[in-house]
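J.: here is the input, now give the coordinates:
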Amino acid sequence: MKNLDPELFRSLLFSDLEIEVEGLRVQSLQVNQHLPTTQKVAAHQHDSDQLLLYLKGEGTQSFPDHQEEYAAQRGDFFVIPAGVRHGFRKRRKYPPLVLTITCTGSGLPFAGVQRLPPNAMKTVERSLLRLAQQPAPSSYAAAAEILRMVAALVEAAAPSKEATAPSKGSCEWQVLRLLKKTSTEAWSPRTVAQALDTEPNQLTRQLTQEGSPSVGQLIGRERLRIAQQQLRESPDRPVGEVATEVGLADQNYFCRWFKKQTGYSPSDWRERNSCL
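T.: Predicted coordinates:
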């Protein structure tokens, strides 16, 4: 599976799918590879969520709103919620081969680069091979393969529902200890990696080997914990102040982010939890 032929997948495109299950609606699936002359793609945004998986090659994904860049390679993937600006820059002579799935209702937050487990990577590649051999987007078989790929990505990206205390000295334990010591304004996968004297991608791989959430997921979990604590314990505190407290100074972005995490706006969540 490591030597995927770009020619086999470059024309693979399923659009206007409208495949829906449990509130998640898949709109399109395609395998992209920019022209060799394309050096970069300027930052842009989409109206739908994107699941983006590197199948072959390397590239740099940038996220200006988060002031982050990630050197991605085979097996790395990103959840890019609607409205999050992102760009691309080539790292090698030839651009990477990338699977892009657009959808709505995923409920997944941006969490930087993540590493797809080997078994999930095999699931995606086998489904792509079957789709490439019989590209029939209207068939039940094609829909099943597409859902199988989406499920593998969503499962790998979904935050852990039950956060258990990490083992002392583990990579996750070191990240969480660092977050408790630093200002929320300084929280990002890059700054955490620098403080731990490593690279963001290497830190992500160490966490994956432990079976822990990614750095971005750990940061998001801590931001949410602090935000909910502030909303619950300080009922008169303006939402904008809570946003600043958790390191997201843009109140509008904070409200969108919070709703993706909980299903409620900060004000609605506070009202529903004020009597608990």
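
J.: drop to CA atoms for contacts and neighbour counts, all remaining ones
T.: Noted.

J.: what about the residue nearest to P166 when sequence neighbours are not counted, is that helix, strand or coil?
T.: Computed as C-alpha to C-alpha, 6 or more residues apart in numbering, the closest residue to P166 that is not its neighbour in sequence is W173, at 5.5 Å. Here W173 is recorded as helix under DSSP: H, G, I helix; E, B strand; the rest coil.

J.: any idea how far W173 is from P213?
T.: Distance, W173 to P213, by C-alpha to C-alpha, to the nearest Å: 11 Å.

J.: higher neighbour count, the two?
T.: Ranked by neighbour count (other C-alpha atoms under 10 Å), W173 and P213 place P213 first, with 22 against 15.

J.: so the more buried one sits in a strand?
T.: No - counting by three-state DSSP, one finds P213 to be coil, located in no strand.

J.: helix or strand right after the helix or strand harbouring A227?
T.: Assigned by DSSP states H and E, A227 falls within helix 215-233. Sequence order places helix 239-245 as the next helix or strand after helix 215-233, per DSSP H and E.

J.: you'd agree S265 is up against F254?
T.: No - assessed by C-alpha atoms under 8 Å, S265 is found out of contact with F254, at 9.4 Å.

J.: comparing those two, which residue is more hemmed in?
T.: Using other C-alpha under 10 Å, the more surrounded residue of S265 and F254 is F254, with 22 against 17.

J.: tell me the backbone dihedrals of that one, please.
T.: Here is the backbone geometry of F254 (degrees, to the nearest 10): phi -60, psi -40.

J.: distance of it relative to D268?
T.: Applying C-alpha to C-alpha, the value for F254 to D268 is 14 Å.

J.: what of E18?
T.: Here E18 is placed at a distance of 30 Å from D268 (C-alpha to C-alpha).
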